[in-house]
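K.L.:
take a look and give me a structure for this.
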Amino acid sequence: MKKIINLVLIFALFQTTSCQNKKEKIMTSTINRGQDYTIDESKPKRGYFLQINSQNCHYKILVNDLLSTAYTDPFPAYSVRNNLNYKISKSGEQKLSIIVTPFQGEKLTRNADVTIRLMRYADMTDKENEYGGATTLLEWEMPQIDENANLPIFRFDTVFKAEVPYEINTINYATDLTKMDKDVLLKEVVNQFETLHNYIKNDYDKFNSLAKEKIKSSSIPTYQTDQAIMEVLLDNKKEFEDPENKKLLQPLESYKMVLYGYGHIATLERLKDNGRVIWCKDSDGDEVLSLPLFIYKDTRDNQWHIW
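P.N.:
Below is the predicted model:
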């Protein structure tokens, strides 16, 4: 069964050099992340979720130009409920985008279909009462495609209002990557991913020690406890250190760089299917485990960090 680790990790990456004769330079964060977020414990802890049902297509879901989820599997039908809070940094208007691409071939067919339902839960801490109950904010169904139009992509953009008790301001310190030289940017991003991939493969405790230090701030949007965070970290380690999964971890290859967050956040995606580059593949070529990773360059120290 395919497993996707969707926990957002925030920690300093270790910077590498491209010269073979130079040792890897270790970069440690000096940023006080506590100033990046605030939360008012007296306010309702609302949760925003998107129910997505799709047939005969692939898609990406963006919230505020941040990748919330994507479907690239080789199966024609899929249904999932996606937590949007990870991509909501503060109360106010939020932009929601659905980008639909062909399941096979280069154009969408008339059988391609996506329906969504946006829901707000009143209190994510009230588990006994279904999180305070859900209110539907938006329902949408993709119109049937005219195959004569030869559409390679269909996009739907809308906005919705969210009320959350927290504010996360890290994006305010993110460098505008579109202003960097493209070749320099690609080299730096690849170096960061190579280092992280090496830790996942050879020293997961090191990976986890970095994650444990900074992961609490990324748990704020989902109102998690320290104990829950630790359990996720240990589960992640167990999955990636499993002997079978270690054999299946794929090398970094055949990728492209993609920018999100209106040009402030970078990641690498597989060329073939836009999937994650930290992934495990079985003998049939199917993805069995993956980890989403996004990085940004902080203006406070001019260094790369995990988003």
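K.L.:
mean confidence score for the longest strand along the chain?
P.N.:
Residue-count comparison of every strand in the chain, with assignments taken from DSSP state E, identifies strand 92-102 as the longest. With pLDDT averaged residue by residue, strand 92-102 scores 98.
K.L.:
counting by contacts, list what that strand packs against.
P.N.:
If contacts are counted by 3 or more CB pairs under 8 Å, 6 or more residues apart in numbering; DSSP states H and E, strand 92-102 sits against strand 57-63, strand 113-121, strand 154-162. C-beta coordinates here come from the backbone N, C-alpha and C atoms, glycine included.
K.L.:
contacts for the shortest one next, please.
P.N.:
Residues from elsewhere that reach strand 57-63 (CB atoms under 8 Å, 6 or more residues apart in numbering): 50, 52, 67-72, 82, 84, 87-88, 94-103, 108, 112-114, 260, 273-274.
K.L.:
repeat the analysis, applying 7 Å as the threshold.
P.N.:
Contacts to strand 57-63, defined as CB atoms under 7 Å, 6 or more residues apart in numbering, come from residues 50, 52, 67-72, 82, 84, 87-88, 94, 96-103, 108, 112, 114.
K.L.:
and stretch 220-238, by the same measure?
P.N.:
Residues beyond stretch 220-238 that count as contacts (CB under 7 Å, 6+ apart) turn out to be 5, 7, 37, 39, 45, 83, 85-86, 88, 124-125, 166, 168, 204, 208, 211-212, 215-216, 219.
K.L.:
mind listing what's buried along it?
P.N.:
By neighbour count, with 16 or more other CB atoms under 10 Å as the criterion, the buried positions of stretch 220-238 are 220-221, 223-224, 229, 232-233, 236-237.
K.L.:
how about stretch 266-274?
P.N.:
Residues of stretch 266-274 classed as buried: 266-270, 274 (neighbour count, 16+ other CB under 10 Å).
K.L.:
try stretch 65-85
P.N.:
By neighbour count, with 16+ other CB under 10 Å as the criterion, the buried positions of stretch 65-85 are 66-72, 82-85.
K.L.:
now do stretch 163-170
P.N.:
Within stretch 163-170, the residues that qualify as buried are 164-166, 168, 170, counting by 16+ other CB under 10 Å.
K.L.:
if we can go back for a sec, of all the helices and strands packed on strand 92-102, which one is nearest residue 78?
P.N.:
Each of the helices and strands packed on strand 92-102 was scored for nearness to residue 78 using CB to CB, and the closest is strand 57-63 (9.0 Å).
K.L.:
which is the next helix or strand following the helix or strand where residue 196 lies?
P.N.:
Secondary structure assigned from DSSP states H and E places residue 196 in helix 182-202. Sequence order places helix 204-219 as the next helix or strand after helix 182-202, per DSSP H and E.
K.L.:
now that following helix, how far from the centre of its chain.
P.N.:
16 Å (CA atoms, centre = their mean, to the nearest Å).
K.L.:
keeping just the C-alphas, turn it into PDB.
P.N.:
As requested, the backbone C-alpha atoms of helix 204-219 are provided in PDB (Å, rounded to 0.1, in the frame of the first residue of the first chain):
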ATOM      1  CA  TYR A 204      17.800   9.300   9.700                       C
ATOM      2  CA  ASP A 205      18.600  10.200  13.300                       C
ATOM      3  CA  LYS A 206      20.300  13.300  12.100                       C
ATOM      4  CA  PHE A 207      17.400  14.100   9.900                       C
ATOM      5  CA  ASN A 208      15.000  13.700  12.800                       C
ATOM      6  CA  SER A 209      17.100  15.700  15.200                       C
ATOM      7  CA  LEU A 210      16.800  18.700  12.800                       C
ATOM      8  CA  ALA A 211      13.100  18.000  12.300                       C
ATOM      9  CA  LYS A 212      12.300  17.700  16.000                       C
ATOM     10  CA  GLU A 213      13.900  21.100  16.700                       C
ATOM     11  CA  LYS A 214      11.700  23.100  14.300                       C
ATOM     12  CA  ILE A 215       8.600  21.000  13.600                       C
ATOM     13  CA  LYS A 216       6.500  22.400  16.400                       C
ATOM     14  CA  SER A 217       5.900  25.600  14.500                       C
ATOM     15  CA  SER A 218       4.500  23.700  11.500                       C
ATOM     16  CA  SER A 219       2.100  21.800  13.800                       C
END
